[in-house]
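*Asks:* Following is a predicted model, sequence given first.
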Amino acid sequence: MTDKPIIRQPIPSVSSGHSNSPNVKLSMPKYTGIGEATVVDLSGDGLPFIPVLGETHYSRVGPVLDRHVHPGMVEILLCRRGRGISIDFGDRILPFPSGSVMVMQPGTPHTLRPYPKALSTTWIWLRLPERGEPLAGFTRAQSRWLVAKLRALPVTFAATDDLAQSFRRLWKLYRETPRRAPERRLVIREAALRLLMDILDAATASHRPPTDERLAALLDEIRENPACEWPLDELAIRAAMSVPVLTERCRRLTGLPPHQFVVSCRMEKAKDALTATDRSIAAIANDLGIATAQHFATLFRRETGMSPTAWRKRHPSS
């Protein structure tokens, strides 16, 4: 079966509460023709509240969508592979590293930037019921519970292996189960519900208080002193963990592996310095233990989607 990048679902009307900014498209973006993306509609498989299941596998730099909102939809996006990605919400830009999940609630303007070569993502949209109507196939109580959980999801959290596997399984069943097979709706519905449960589990696990006090203290130390050298082997020794275990636990606690966590902490300090001081870019880079202003600018752009100079102009000191 060959999937085409389509959306068969009509664009819903825009309700109150959505952004009125002229720079935000108050509609669902049209994925048709944007390149190496596949978007399918699960409504025909008995899941009318899931009008979009999508994925990208860019072998070249991808197109950039306008900042937009999804009326009445919760979008849950998993970054499977990609570096230097961020989500622009207009009033803030959040890093979106590989292995992380980003959640866009209805009425939240956003866009992914940039779309670099080798970017791989997969996502799902969930249409929230109107006027207290239940989701198809759910009781009212079940629907209220699920909608409440979806609306309470954090903006970002670390993916789990189960979550990533559930996305892969849903795509596999969608593609490989014959259209007229009597079990098609059953297996796709089960896979979609399993994915939703794994999303909720991952969000809960990612925001659970740390149980390893030694690692938690070490992460706090990195946040306070990101300019220091933080060799991976030394971190593992101090945390009393092997390097693979340290990497896995650091990812679960912060959403990032150790090296990227150090870089992220440095960039947070850099944001403060750019906003609160008039120090040069080179001086700030040196303060953070980064050898050159050029390398600092590259790291900063990967983290925020903009240059240090552009950030300073956009966030002037008060």
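*Replies:* It's in.

*Asks:* Domain boundaries for the protein, per the record?
*Replies:* 37-206, 213-314 (automatic domain parsing).

*Asks:* Off-centre distance for the shortest one?
*Replies:* Domain 213-314 has its C-alpha centroid displaced from the chain centroid by 19 Å (Cα atoms, centre = their mean, to the nearest Å).

*Asks:* burial count for Glu268?
*Replies:* 13 (other Cβ atoms under 10 Å). The way it works is simple: take the backbone N, C-alpha and C, and place the C-beta from them, glycine included.

*Asks:* Which helix in the protein has the most residues?
*Replies:* Longest helix in the chain, counting residues (DSSP state H): helix 184-206.

*Asks:* Going by neighbour count, which residues in it are buried?
*Replies:* For helix 184-206, a neighbour-count test (16 or more other Cβ atoms under 10 Å) marks 184, 187-189, 191-196, 198-200, 202-203, 206 as buried.

*Asks:* Please apply the same query to stretch 251-265.
*Replies:* 251-258, 260-265.

*Asks:* Just the terminal-to-terminal distance for that stretch.
*Replies:* 14 Å (Cα to Cα, to the nearest Å).

*Asks:* Which secondary structure elements does the longest helix of the chain sit against?
*Replies:* Under the contact criterion of 3 or more Cβ pairs under 8 Å, 6 or more residues apart in numbering; DSSP states H and E, helix 184-206 touches strand 100-104, strand 156-158, helix 161-176.

*Asks:* Residues in contact with the shortest one: which ones?
*Replies:* In this case it means strand 156-158. For strand 156-158, the surrounding residues in contact (Cβ atoms under 8 Å, 6 or more residues apart in numbering) are 94, 96, 99-103, 202-203, 205-207, 251-252, 254-255.

*Asks:* what is the rounded mean pLDDT of stretch 108-119?
*Replies:* Averaging pLDDT along stretch 108-119 yields 77.

*Asks:* Ok, stretch 239-255 next?
*Replies:* Mean predicted confidence for stretch 239-255 is 83.

*Asks:* in it, what counts as buried?
*Replies:* Ala239, Met241, Leu246, Thr247, Arg249, Cys250, Arg251, Arg252, Leu253, Thr254, Gly255.

*Asks:* Check stretch 99-118 too.
*Replies:* Here stretch 99-118 shows 99-115 as buried, counting by 16+ other Cβ under 10 Å.
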